[in-house]
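1. generate coordinates for the sequence data below:
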Amino acid sequence: MEQNSGYPDIGLADGRVFVSFPPGHPGHRDLAYHRRRVTIAEAAFAAGPAAPAADITYTDEEHDVWRTVGAALADPHAKHACREFLEGADRLRLPADRLPQLREVSDTIEQLTGMRFSPAPGMLAPRDFYSSLAERRFQATQYIRHPSLPHFSPEPDLIHEVIGHGTALAHERWADVYELFGHAVRRLKSHDALSDVSKVFWFTMEAGLVTEDDEVKACGATLLSSCGELDNIARADIRPLDITAMQRQRYTVTGYQPVLFCADSFDHLEGTLRAYLTGAQDKR
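-> Numbers count the residues shown, from 1 in each chain. Take a look at the predicted model:
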């Protein structure tokens, strides 16, 4: 993704995993949380980007965060989630009492739509992330957001991955659109074209809205994995779906979205994305 100053820096140096939180991140001064993130990142690096995820032994505190977020999202989902998200959630049937393993969620999704998860230590280079979607493979994180901020995460965590994206990947119409993003990026060569696709992904797959029965409904993974984001929809500047406007619009990863785009329907969103992604070309 672009504009990622709110994300930690995660990588390998001299054969060792490092995680560096930016100031303002809730884990910036929490040494225990830092050590935990390093341990989970080590598991992802050890597995490799295309392999099934290794199981993580989650702590009681991490399971509590999952239960807290799940309970808090129940009513907002019923009120704000689009029909396709609710259908995907019914098919995926995530456990309410414990954190699921990325591997087990992946197995279910693969049976439903042929998509699957593979492990990522943290944020990836945009081209690496999108390219894997062409293989119907979504590279996902396994760590959990900081317990001091359960209702919003400045970076994608397991809650965001499986509740937000996993539920969409369990629905065949959504899964096919994810794959189209991957093929478009593999076809494009320039940084500017990749940046344009990233912004469209953000304002649709992450923070998208659709109109359903004359009501605005959320369909993006960032919105649907955050109580705070769902509550903020009523305060956002909601604009009509417009690919060009999305490509010009800045967005934030460290707070709630001030500008959102809304399609006339899920069919409208799907059709617009299919047309854009199949026709996207490098700028001349």
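2. low-confidence ranges, this structure, go.
-> Along the chain, the model assigns pLDDT under 70 to residues 1-6, 284.
3. hey, where'd the helices end up in it?
-> 31-47, 60-80, 83-92, 102-113, 126-133, 158-159, 167-169, 172-187, 191-201, 221-224, 227-232, 243-248, 266-279 (DSSP state H).
4. compare those and give me the one nearest P150.
-> Closest approach to P150 among those (C-beta to C-beta): helix 60-80, 4.9 Å. For every residue, glycine as well, the C-beta is placed using N, CA and C.
5. report the buried residues of the closest one.
-> 62, 65-67, 69-70, 72-73, 76-77, 80 (16 or more other C-beta atoms under 10 Å).
6. and what of stretch 144-157?
-> In stretch 144-157, counting by 16+ other C-beta under 10 Å, buried: 144-147, 150-157.
7. quick one, what contacts F21?
-> Contact analysis of F21 by C-beta atoms under 8 Å, 6 or more residues apart in numbering lists 8, 27-28, 34.
8. let me fix that, I meant to ask about L223.
-> 80, 164, 206-209, 229-230, 233, 257.
9. Serialize those residues to JSON lines and add fields for distance to K283.
-> Below are those laid out as JSON lines (distance: C-beta to C-beta, whole Å):
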{"residue": "H80", "distance to K283": "36"}
{"residue": "G164", "distance to K283": "30"}
{"residue": "E206", "distance to K283": "23"}
{"residue": "A207", "distance to K283": "24"}
{"residue": "G208", "distance to K283": "24"}
{"residue": "L209", "distance to K283": "28"}
{"residue": "E229", "distance to K283": "32"}
{"residue": "L230", "distance to K283": "35"}
{"residue": "I233", "distance to K283": "33"}
{"residue": "Q257", "distance to K283": "26"}
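10. nearest to E110, of those residues?
-> Ranked by distance to E110 (C-beta to C-beta), the contacts of L223 are led by G164 at 18.0 Å.
11. the closest one touches C219, doesn't it?
-> No: using C-beta atoms under 8 Å, G164 makes no contact with C219, being 10.1 Å away.
12. mind checking which of the two has more residues around it?
-> The residue with more neighbours, out of G164 and C219, is C219; 27 against 23, by other C-beta atoms under 10 Å.
13. and the more buried one, how close does it get to V200?
-> Computed as C-beta to C-beta, to the nearest Å, the C219 to V200 distance reads 14 Å.
14. show me how to select, in PyMOL, the buried members of the contacts of F21.
-> Entered in PyMOL, the line below selects the buried ones among the contacts of F21, by 16+ other C-beta under 10 Å:
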select buried, resi 8+27+34
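15. mind putting the contacts of F21 into CSV with distance to F117?
-> Shown next, in CSV, are the contacts of F21 (distance: C-beta to C-beta, whole Å):
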residue, distance to F117
P8, 20
G27, 23
H28, 28
H34, 25
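16. the nearest residue to G166 once chain neighbours are set aside - how many residues pack around it?
-> In this structure, G166 finds its nearest non-sequential neighbour in V105, 5.3 Å apart by C-beta to C-beta, 6 or more residues apart in numbering. Look at V105: counted by other C-beta under 10 Å, it has 25 neighbours.
17. pretty sure V105 is touching L92, no?
-> Yes: counting by C-beta under 8 Å, V105 touches L92, with 7.1 Å between them.
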